[in-house]
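Participant: model the structure of this input:
(3 chains)
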Amino acid sequence: MPEHLHPPTIGTAPDPAVVVARTLDWYAGQARDLPWRRPDCSPWGVMVSEFMLQQTPVTRVLGPWQAWLDRWPTPAALAASPAGEAVRMWGRLGYPRRALRLHRAAQAIVDDHGGQVPADLEELRALPGVGDYTAAAVASFAHGRRAVVLDTNVRRVLSRVAAGEGQPPAHVRASERARAEAHLPRAAGRAARWAAASMELGALVCTARNPRCEACPLVDLCTWNLAGRPEETYRPRTQSYEGTDRQCRGAVLAVLRDAAGPVATTELRTAWPEHRAGGADQFERALTSLAADGLVTAIGAEHWALPGD
DNA sequence: AAGGCGTGGTC
DNA sequence: TGACCAAGCCT
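Facilitator: Alright, predicted model coming up:
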């Protein structure tokens, strides 16, 4: 019996073609004017934005992104600067290893790709700091390629709309990828717009907390909404930040970032007052791990600095 | 394959 | 207020 003779049933996933069409219509009217979405933005500009946006909100990325591209408008420009300058320019965006990886990726682009950001998914995936999501995002947003762009927003939207689950699983599963593939339009241009639109819907409407279902173009066919938006019982346990090694690393790196030259270990230690839980051992541990990551370099026996290249 | 890795905003 | 969250990646 033809599919269209069956009326929609509660708990049945809606037609992907309808989901895509409605989301694209919504996006046409609601998309934010972000600088890396403008037609004149280079593939490099898109790639820089994707690195900065990893686990970091859009509002905090806007300023640093512009400053970064003003200073390093091409991969070659960044590759010609010392790695420490990339770490310094990264500022307080967080996860400073991303700055190091972006710098190494720029060098690889110069060395292996003629200075041009690759469009091929596998070539992108091979770059430092580029995982499945970022590779697909750059291929799609920078080059208009058809790719499965599966970030936390898209995962949440599809989990709710198609699976009736309020939150996606902790890690990407094959079933999610298959679901995303089933929603991906055939035409590359439409696929790229769907990627941006589904992410935007997750970011602005289908949010993790307090979703604005009344403003959602999919509200009447969303499996999760039709089921009464059941709450998830599972909550990943989040570690508090105060007093952690992460905070200690951040405090140490902040001193080096703001210093013109090498800083003595004794002075660096004042960035982590003894009254904190971890004490002196924690400081040594943080410094060692920062050096192991390549974020800091020893100068002689008693000084530290950002890496030279 | 869980857990480590920054920082700041929100409710 | 503290817990959660934000366009993940790497080991």
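
Participant: separation between the residue of chain A found nearest DNA strand C and residue A:125?
Facilitator: DNA strand C sits closest to residue A:131 of chain A, with a gap of 2.5 Å, by CB to the nearest atom of the strand. Backbone N, C-alpha and C define where each C-beta goes, glycine included. Computed with CB to CB, to the nearest Å, the distance linking residue A:131 and residue A:125 is 7 Å.

Participant: stretch A:279-289 close to DNA strand B?
Facilitator: Yes: using CB under 7 Å from any atom of the strand as the criterion, contacts between stretch A:279-289 and DNA strand B involve residue A:289.

Participant: okay, residue A:131 and residue A:125: which has more neighbours?
Facilitator: The residue with the greater number of neighbours, taking residue A:131 and residue A:125 and applying other CB atoms under 10 Å, is residue A:125; the counts read 16 against 12.

Participant: distance of the more buried one relative to residue A:147?
Facilitator: As judged by CB to CB, residue A:125 and residue A:147 stand 11 Å apart.

Participant: name the residues contacting each of the two.
Facilitator: residue A:135 (CB atoms under 8 Å, 6 or more residues apart in numbering).

Participant: just want the most central residue of chain A.
Facilitator: residue A:54 (2.0 Å; CA atoms, centre = their mean).

Participant: if we ignore the residues flanking it in sequence, what's nearest that residue?
Facilitator: In space, and not counting its chain neighbours, residue A:54 is closest to residue A:98: 6.2 Å by CB to CB, 6 or more residues apart in numbering.

Participant: ok, now residue A:18?
Facilitator: Nearest residue to residue A:18 in three dimensions, chain neighbours excluded: residue A:221, at 6.8 Å (CB to CB, 6+ apart).

Participant: tell me, how many neighbours does the one you found end up with?
Facilitator: With other CB under 10 Å as criterion, residue A:221 counts 19.

Participant: now swap in residue A:272 and tell me
Facilitator: By other CB under 10 Å, the burial measure for residue A:272, its neighbour count, is 22.

Participant: quick check, it in a strand?
Facilitator: No: assignment of residue A:272 by DSSP: H, G, I helix; E, B strand; the rest coil gives coil, placing it outside any strand.

Participant: these two touch, right, it and residue A:282?
Facilitator: Yes: between residue A:272 and residue A:282 there is a contact under CB atoms under 8 Å: 6.9 Å.

Participant: so what sits against both of those two?
Facilitator: Common neighbours of residue A:272 and residue A:282 (criterion: CB under 8 Å, 6+ apart): residue A:248.

Participant: which parts of the stretch 151-300 of chain A are strands?
Facilitator: Read by DSSP state E, counting those that start in this stretch, the stretch 151-300 of chain A holds these strands, from start to end of the chain: A:263-264, A:297-299.

Participant: which of these sits most buried?
Facilitator: Scoring the strands of the stretch 151-300 of chain A by mean neighbour count under mean count of other CB atoms under 10 Å gives strand A:263-264 as the most buried, with a mean of 16.

Participant: quick one: contacts for the residue nearest to the centre of chain A?
Facilitator: Neighbour list for residue A:54: A:95, A:98, A:134 [criterion: CB under 8 Å, 6+ apart].

Participant: read off the pLDDT value for it.
Facilitator: Model confidence at residue A:54, given as pLDDT, is 98.

Participant: state the distance from the residue of chain A closest to DNA strand C to residue A:250.
Facilitator: Noted for residue A:131: a distance of 23 Å to residue A:250, by CB to CB.

Participant: any weak-confidence spans in the stretch 1-150 of chain A?
Facilitator: A:1-11 (pLDDT under 70).

Participant: what does it put close to DNA strand C?
Facilitator: Within the stretch 1-150 of chain A, the residues that sit near DNA strand C (CB under 7 Å from any atom of the strand) are A:34, A:36-37, A:49-50, A:53-58, A:94-95, A:101, A:128-135, A:137.

Participant: are any of those residues buried, and which?
Facilitator: Neighbour-count burial within these applies to A:34, A:36, A:49-50, A:53-54, A:95, A:101, A:129-130, A:132-135, A:137; the criterion is 16 or more other CB atoms under 10 Å.
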